[in-house]
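A.B. asks: with the sequence up front, the predicted model follows.
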Amino acid sequence: MNTATQHSDQTLETSAVAKRIAASLRGAGALLILPASVLVLVPDGWPRWTLMWLLAFAIYAGCKWLTWRRTTMAGVPCWRQLAYLLAWPGLDVETFLQPKTSVGKPPRLSEWSFAATKVAVGVLLVAVIAPHVPTTQPYVIGWVGMIGIVFTLHFGLFHILSCSWRSVGIDATPLMDWPVLSGSVSEFWGRRWNRAFRDVTHRFLFRPLTARFGPRLAIGAGFAFSGLVHELVITVPAGGGYGGPTLFFLIQAMGILAERSQIGRTVGLGDRFRGRLFTAGVVLLPLYFLFPPAFVIGIILPFLEFLGVVS
């Protein structure tokens, strides 16, 4: 083979590699640029809870853009694409944009009522219960308010949005699916808790890494990424508790690997009762690391004060 031919082959190979890299990075720029812009542009004098919300929204918007840019949407009307981008908190782009074929029956009145009840429970926690916790317990006040916010948004309002879209024939699965019923750590994170984040990490991290390195490394990498994202949203605005969220999610990865191990199967972690106990322990006991006092007292409590529910 002459030199000219070798050079031509190398050029073609380099071009092919460059195209594969460009394809793998398509849409990922926003996921880097948006949070970085928030960190650079938000003035130091702004409340730290403002930085927390802006970072959370920037990361979410980056993930939303990534899923949309990396999905083939031939024949999907613009209004439906805009609805996915602006009016649905999930990241299940392929499901949301598919033609209405297998959505099933519209949500019943009982489901609408259940979703509204969760909003009411969240508002009750934030506006009624949190203010009545003794002021000598700021950490407790923050936790009550934080749980109320999650109930209002993730469990309540997002469920109402799901009902709204499914009532017009769009498959928008609720983001939360009775997490308390999880029989394993895998089930909790893989199917029942915040499907939006699960969808994006499974598509862009777990599946590619599993194909290349196997499921164990993919699980570890996926949860390590979750830890870093939560560090950015929790410990960076709080200015403390660094490493806690990453430790929390690494514990979750170890919990999944433990229940899938030979020892885990031998002691019966796959059993429904033991699995629930094990899952509750793995998820609940290390929550202190995920939400350190620096965040609960330094971010959530001032936000509740801004809302006027505590003083």
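C.D. replies: Done, it's in.

A.B. asks: low-confidence ranges in the chain?
C.D. replies: Across the chain, the ranges flagged by pLDDT under 70 are 1-25, 100-104.

A.B. asks: switch the cut-off to 90
C.D. replies: Along the chain, segments meeting pLDDT under 90 span 1-28, 72-75, 98-106, 263-273, 311.

A.B. asks: spatially central, which residue of it would that be?
C.D. replies: Per C-alpha atoms, centre = their mean, the C-alpha nearest to the average position across the chain is that of residue 197, at 3.0 Å.

A.B. asks: what's the burial count for residue 199?
C.D. replies: When neighbours are counted by other C-beta atoms under 10 Å, residue 199 registers 20. All C-beta atoms are positioned from the backbone trio N, CA, C, and that covers glycine.

A.B. asks: just to revisit the earlier point, what residues are up against the residue nearest to the centre of the chain?
C.D. replies: With contact set as C-beta atoms under 8 Å, 6 or more residues apart in numbering, residue 197 has these partners: 63, 91, 226.

A.B. asks: tabulate those (a markdown table), appending neighbour count, secondary structure and distance to residue 204.
C.D. replies: Shown next, in a markdown table, are these (neighbours: other C-beta atoms under 10 Å; DSSP: H, G, I helix; E, B strand; the rest coil; distance: C-beta to C-beta, whole Å):
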| residue | neighbour count | secondary structure | distance to residue 204 |
| --- | --- | --- | --- |
| 63 | 23 | helix | 9 |
| 91 | 26 | coil | 10 |
| 226 | 22 | helix | 12 |
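
A.B. asks: how about CSV for these, with distance to residue 250 added?
C.D. replies: Converted to CSV, those look like this (distance: C-beta to C-beta, whole Å):
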residue, distance to residue 250
63, 21
91, 23
226, 9
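
A.B. asks: which of the residues you listed lies closest to residue 78?
C.D. replies: Taking C-beta to C-beta as the measure, residue 78 lies nearest residue 91 of these, at 19.5 Å.

A.B. asks: before we move on, back to that, so where does the residue nearest to the centre of the chain fall, helix or strand?
C.D. replies: Following DSSP states H and E, the helix or strand that holds residue 197 is helix 195-201.

A.B. asks: who touches the very next helix or strand once past that helix?
C.D. replies: As assigned by DSSP H and E, the chain's next helix or strand after helix 195-201 is helix 207-213. Outside helix 207-213, the residues within contact range by C-beta under 8 Å, 6+ apart are 217, 218, 221, 222.

A.B. asks: from those residues, pick the one nearest residue 81.
C.D. replies: Distance to residue 81 across the contacts of helix 207-213 (C-beta to C-beta) is lowest for residue 222, with 27.3 Å.

A.B. asks: thinking again about what came up before, quickly note the distance from the residue nearest to the centre of the chain to residue 241.
C.D. replies: According to C-beta to C-beta, to the nearest Å, residue 197 and residue 241 sit 20 Å apart.

A.B. asks: and stretch 27-47, how far out from the chain middle?
C.D. replies: 18 Å (C-alpha atoms, centre = their mean, to the nearest Å).

A.B. asks: what comes up buried for stretch 90-97?
C.D. replies: 90, 91, 92, 93, 95, 96, 97 (16 or more other C-beta atoms under 10 Å).

A.B. asks: circling back: just give me the closest of the contacts of residue 197 to residue 160.
C.D. replies: Closest approach to residue 160 among the contacts of residue 197 (C-beta to C-beta): residue 91, at 18.2 Å.

A.B. asks: settle this for me: that closest one is touching residue 64, isn't it.
C.D. replies: Yes: taking contacts as C-beta atoms under 8 Å, residue 91 lies within contact range of residue 64: 6.4 Å.

A.B. asks: return the set of buried residues in stretch 250-263.
C.D. replies: Buried residues in stretch 250-263, counting neighbours by 16+ other C-beta under 10 Å, are found at 250, 251, 252, 253, 255, 256, 257, 259, 260.

A.B. asks: give me the distance from it to the chain's centre.
C.D. replies: Centroid separation for stretch 250-263 versus its chain: 20 Å, with C-alpha atoms, centre = their mean.

A.B. asks: output it as CSV, nothing but the C-alphas.
C.D. replies: Coordinates of each C-alpha in stretch 250-263 appear next as CSV, following Å, rounded to 0.1, in the frame of the first residue of the first chain:
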residue,chain,number,x,y,z
LEU,A,250,-22.7,5.5,46.1
ILE,A,251,-24.5,3.8,49.0
GLN,A,252,-27.5,3.3,46.7
ALA,A,253,-25.2,1.7,44.0
MET,A,254,-23.8,-0.6,46.7
GLY,A,255,-27.3,-1.5,47.8
ILE,A,256,-28.3,-2.5,44.3
LEU,A,257,-25.1,-4.6,43.9
ALA,A,258,-25.6,-6.2,47.3
GLU,A,259,-29.2,-7.3,46.6
ARG,A,260,-28.1,-8.8,43.3
SER,A,261,-25.1,-10.6,44.7
GLN,A,262,-25.0,-14.2,45.7
ILE,A,263,-25.0,-13.3,49.4
